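[1] Fold the following for me, if possible:
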Amino acid sequence: MTWELEFLHFLGQLHTPWLDQIMVFVTGLANHGELWLALAGIFCLFPRTRRMGLAMALAIAGGYVAGNLFLKNVIARSRPCWIEPQVPLLVPVPRDYSFPSGHTLVSFEGAVCMWCFDRRWGAPALVLAGLIGFSRMYLFVHFPTDILGGLVLGIINGWLAARYLRQGTD
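    As a prediction, the model looks like this:
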């Protein structure tokens, strides 16, 4: 954990007022999975994108159970902002455990599903998912390995859900 805290403190040196505002905004896009759930709902409205929306919803539901309800509570990892409460935060102190990052998990689930169905939508979604994951470290609420855990689980869930919903359409 020492190298992870050192890395987070290194990121702390990057803080500027304008970048702080951007990172708070970016991280807010994934609060409670709202952006990704809204996109899934919108995609479900149209026949051409319905399977993509359903895949996103399936992946997000699976990730919520596996990541937020199960892994976070079994692993029970403290957040960096709990360990070093003297570091000022730009967002409210999260109350749930740290591993895996739920923001990163839901973002990569949604983005990978989008990528599997339509790379024109998926490419910018993956960039956004990466920025959301980065913002969680920048804001000192997740360790790098929390982000990695959310990324890996998100990729797996997104790919499995997309594969399941694409069966019979290829």
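
[2] Let me see the contact set for the residue nearest the centre of the chain.
    Centroid-nearest residue in the chain: residue 104, 1.7 Å away (criterion: Cα atoms, centre = their mean). By Cβ atoms under 8 Å, 6 or more residues apart in numbering, residue 104 lies in contact with 30, 129, 132, 133, 136, 142, 146, 147, 150, 151, 154. All C-beta atoms are positioned from the backbone trio N, CA, C, and that covers glycine.

[3] can you give me the strands for the protein?
    Applying DSSP state E to the chain gives no strands.

[4] where in it is pLDDT low?
    Under the criterion pLDDT under 70, the flagged ranges of the chain are 1, 168-170.

[5] and with 50 instead?
    170 (pLDDT under 50).

[6] ok, the residue lying closest to residue 143 once chain neighbours are set aside - how many residues close by?
    The shortest distance from residue 143 to any non-neighbouring residue, by Cβ to Cβ, 6 or more residues apart in numbering, is to residue 4 (4.4 Å). Close neighbours of residue 4, defined as other Cβ atoms under 10 Å, add up to 15.

[7] try residue 60
    24.

[8] for residue 145, same thing?
    16.

[9] gap between residue 112 and residue 126?
    Relative to residue 126, residue 112 is positioned 7 Å away (Cβ to Cβ, to the nearest Å).

[10] who has more neighbours, those two?
    residue 112 (27 against 19).
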